[in-house]
Structures are given as structure tokens and as C-alpha cells.
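S.K.: below are the sequence and a predicted model for it; my questions follow.
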Amino acid sequence: MKSDRASAAPTKQMAQETAGSLKHTENAIRETTNVIARTQAELVRQGQTLTSFTIVTTAFLPLGFCASVFYLPSVIWVFSDMDPISILA
């Protein structure tokens, strides 16, 4: 019985190993927190870039469509007083 108690009692070496493991875990948590913060900042930047791209696309996409319709070579656009825009094919 006495030998079981002696082997189960914490030793100075076990305490040092536990303290070292605790410091390692704290460092890992700190590093993970830093990575998460950097990732969140990158996601915010990408969101702002995507918003800008969406606004520009929303403005220029209809303009490109109108330009391509008016460029069609098979359509003759005739402007007259009675019918402002008539399409003759």
C-alpha cells in the first residue's frame, strides 16, 4: 500500500512537466487567437472589395447590354417623328 501512495503522489518533475504543458497550451491559444484576428481582417477586406466590384458591375452591365443591342448589324434603327424607335429587319 505504501508504495502505491508513493508512486501516485505528485513529484517535482511532474509539476514541472504540467507547468510546461500549460505554457505550451497558453501559447497555442494565443497563436490561434492571432490567426483568427488576421483571418477576420482579411475577410472584411475581401467583403469590401466584393462590394465595390458589385457596384461597378451593377452600373456597367446594363450599359454593356445596351451598347451590344445598338451594335447589332442585322437591325436598322430608324428614328422618325411618329415612332421614335422602330426596328426594321
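M.R.: Okay, I see it.
S.K.: can we go C-alpha only for contacts and neighbour counts from here?
M.R.: OK.
S.K.: mind naming the longest helix for this protein?
M.R.: The longest helix of the chain (DSSP state H) is helix 12-70.
S.K.: for this structure, spot the helix or strand the model is least confident about on average.
M.R.: strand 86-88 (a mean of 54; mean pLDDT, DSSP states H and E).
S.K.: would you say Leu72 is within a strand?
M.R.: No - read with DSSP: H, G, I helix; E, B strand; the rest coil, Leu72 is coil and lies in no strand.
S.K.: distance of it from Phe65?
M.R.: Using C-alpha to C-alpha, to the nearest Å, Leu72 is found at 11 Å from Phe65.
S.K.: next one: Thr51
M.R.: Relative to Phe65, and taking C-alpha to C-alpha, Thr51 is found at 22 Å.
S.K.: now Glu42
M.R.: In terms of C-alpha to C-alpha, Glu42 sits 34 Å off from Phe65.
S.K.: okay, Met82: pLDDT?
M.R.: Listed pLDDT for Met82 reads 55.
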